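J.: give me coordinates for this.
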Amino acid sequence: MNDSADATGVDDASEPVDPNADLADLADRPALDVDAAADLVDRLVENVESVIVGKREAVEHVLVTVLARGHLLVEDVPGVGKTTLAKAVARSVDASFKRVQFTPDLLPSDVTGVNVFNQRTDEFDFRPGPVFANVVLGDEINRAPPKTQSALLEAMEERQVTTDGVTRTLPDPFCVIATQNDVEPGRTYELPVAEIDRFTKKIRLGYPDVEAEATILDRTVGDHPIGSVEPVASLEDVRRARATVADVEVREPVRTYVARLAKYTRRTAALGVSPRGSLALLRTAQVRAVLDGRDYVIPDDVQTEAPTVLAHRIRTDAGAAEGTDGADVVAEALDRIPVE
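T.: Purely as a prediction, here's the structure:
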C-alpha cells in the first residue's frame, strides 16, 4: 500500500460523491412523498411475488435498481426464474417489455435497430430494435461476442442509441435486466469491463427451498401465473418515485464514506470500484432510505447496498473474471473503513 494512506489503507483526499449530478430529466417531475414511494415499492413487490415465490430480497433488488435509474445483472443457472422475474416487474408497472436472446450470431443491429430502404419513399426508414422498451431483458448476454454486447454500452449509460449518425432517445424509464449463464464457461464470452461497470447491481436468485418450490409447482401446473399479472402502478408512478429518491438527502459524511470505500478497493485489488460504481452505491442507498421511510441516507443504507453494487466491479488480479473475490474485498472494506 502507498505510504500516504492511513491505517485503513485509504488516504484522506478521497473526493465526496454527488449522487444527483445528472438529474435534468427529473428536475421538473412532481415527486411522491417518501411514504407513498415506499408503499409503491411494497405493492410492486407483492405483485411480483404472486409469480416469483420466496425471492422477496431479489425482487427488492430489481426495484431498487429501477428507482436508482440503473441496470441489473443476474447470474445463475438456467431455470430459476430470471426471465419470469423481469417480465413480472415490467407487467407490474405497465411498462413495455422486450426480450433479446443473445446468441453467438447476434449482430449489434439486432439489438439497436437498423435502417431499411423503403422503395416507395426512396428513403431509409429506421426500424427500432428491442432496446427501445422500458424494460429490456438480455437473456444469457454472455453467449454473444463482445462486439454485440457493446451495442448496449451507449444505451445503458446515456439512454440513447446512435445509428448511422442519428441519435434517438430511449423510453423513460429504461432499464436493462441481463442474465448471465455461469455453468458453461467454454461456450460463453466474458463481459467487457465497461459493460460490467454499467450494471448497478449483480445478484443471484439461487434455487428455491422445498416449500417455495412446491408452491411454484402448484401455481404453474396449469397456466403460468405470469399471464395473470396485472399492473399495480403506472410508468408515471415510477418516474415520480425516482424523483422522490433523487430528493433524498445525502450528507457530506456519507458521501465521503462511499468515496473512502471505493478508494480502499482500488488500493486492495487490481481493479477497484470506479466513480460510476460509487455513484451507483449512493443512488441505491437513497432508494434504501426511502424503503425505510426516511428522506436522508445513513451509513447502514450504504452498507446494505454495497455487496450487490460493488463486488462485481472488482478484480483481484488482472487475469481474473469479474467479481472474483470481490465480495471479500467489499466485506473487508466495510469492516475496516470507519464512518467519520
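J.: from now on I want contacts and neighbour counts done on CA atoms only, so please keep to that.
T.: Will do.
J.: contacting residues for L106?
T.: A144, T148 (Cα atoms under 8 Å, 6 or more residues apart in numbering).
J.: E157 versus that one, what's the distance?
T.: Applying Cα to Cα, to the nearest Å, the value for L106 to E157 is 21 Å.
J.: domains for this protein, by residue range?
T.: Following automatic domain parsing, one gets these domains for the chain: 1-22+247-334, 32-210+233-246.
J.: excluding chain neighbours, what is closest to D110?
T.: Leaving aside its sequence neighbours, D110 sits nearest to G129 (Cα to Cα, 6 or more residues apart in numbering; 6.1 Å).
J.: I'd say that neighbour and L107 touch.
T.: No. Shown here, G129 and L107 do not form a contact pair, counting by Cα atoms under 8 Å, at 11.1 Å.
J.: give me the pLDDT for R56.
T.: R56 is assigned 89 on the pLDDT scale.
J.: do D335 as well
T.: For D335, the model assigns a pLDDT of 95.
J.: so what's the residue count around it?
T.: D335: 11 surrounding residues under other Cα atoms under 10 Å.
J.: where's it relative to L261, distance?
T.: Separation of D335 from L261 (Cα to Cα): 10 Å.
J.: again, but for A214
T.: Taken as Cα to Cα, the span from A214 to L261 is 42 Å.
J.: which of the two has more neighbours?
T.: Using other Cα under 10 Å as the criterion, A214 and L261 rank with L261 on top: 26 against 12.
J.: residues touching that one, list them.
T.: Applying Cα under 8 Å, 6+ apart, we find L261 in contact with A333, L334, I337.
J.: alpha carbons of stretch 46-53, as CSV, please.
T.: What follows is stretch 46-53, C-alpha atoms only, in CSV (Å, rounded to 0.1, in the frame of the first residue of the first chain):
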residue,chain,number,x,y,z
GLU,A,46,-46.3,-8.2,-3.5
ASN,A,47,-47.5,-8.2,-7.1
VAL,A,48,-44.2,-9.8,-8.4
GLU,A,49,-44.3,-12.3,-5.5
SER,A,50,-47.5,-13.7,-6.9
VAL,A,51,-45.2,-15.2,-9.6
ILE,A,52,-41.8,-15.3,-8.0
VAL,A,53,-42.1,-17.3,-4.8
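J.: quick revisit: going by mean pLDDT, which of the domains of the chain comes out lowest?
T.: domain 1-22+247-334 - the lowest mean pLDDT of the domains of the chain, at a mean of 83.
J.: do a quick rundown of the helices in the stretch 201-340 of the chain.
T.: Taking DSSP state H, counting those that start in this stretch as the test, the helices found in the stretch 201-340 of the chain are 210-220, 235-246, 252-268, 275-291, 299-310, 326-336.
J.: residues in contact with K147?
T.: Listed by Cα under 8 Å, 6+ apart, the contact set of K147 reads P108.
J.: in what helix or strand does it lie?
T.: K147 is part of helix 146-149 when elements are defined by DSSP states H and E.
J.: now the element after that helix, going C-ward?
T.: Helix 146-149 is succeeded, C-terminally, by helix 153-158 (DSSP H and E).
J.: now that next one: how far from the chain's centre is it?
T.: Centroid separation for helix 153-158 versus its chain: 13 Å, with Cα atoms, centre = their mean, to the nearest Å.
J.: now stretch 92-109
T.: Worked out by Cα atoms, centre = their mean, stretch 92-109 lies 16 Å from the chain centre.
J.: the stretch 51-200 of the chain: strands as residue ranges?
T.: Ranges of strands in the stretch 51-200 of the chain, per DSSP state E, counting those that start in this stretch, are 72-76, 97-101, 113-118, 123-128, 135-139, 160-163, 166-169, 175-181.
J.: name the helices or strands packed onto the third one?
T.: What that stands for is strand 113-118. Secondary-structure packing of strand 113-118 (3 or more Cα pairs under 8 Å, 6 or more residues apart in numbering; DSSP states H and E): strand 123-128.
J.: for the strand it packs on, which helices and strands make contact with it?
T.: strand 113-118.
J.: tell me how many other residues surround the residue nearest to D110.
T.: Residues within reach of G129, counting by other Cα under 10 Å, total 17.
J.: same check on G138?
T.: 25.
J.: list the contacts for it?
T.: For G138, the contact set (Cα under 8 Å, 6+ apart) comprises R99, V100, Q101, F102, V176, I177, A178, T179.
J.: which one of the residues you listed is nearest to V89?
T.: Using Cα to Cα, I177 comes nearest to V89 of those, at 10.4 Å.
J.: is it correct that that closest one is in contact with H71?
T.: Yes. Counting by Cα under 8 Å, I177 touches H71, with 6.0 Å between them.
J.: of those two, who's got more company?
T.: Per other Cα under 10 Å, whichever of I177 and H71 has more neighbours is I177, with 27 against 24.
J.: tell me the spacing between that one and P78.
T.: Distance of I177 to P78, computed by Cα to Cα: 15 Å.
J.: please report phi then psi for the most far-flung residue of the chain relative to its centre.
T.: Ranked by distance from the centre of the chain (Cα atoms, centre = their mean), the top residue is R120, with 42.3 Å. Backbone torsions for R120, taken as degrees, to the nearest 10, come to phi -70, psi -40.
J.: so how far is V166 from it?
T.: Taking Cα to Cα as the measure, R120 falls 22 Å from V166.
J.: appreciated, that's everything.
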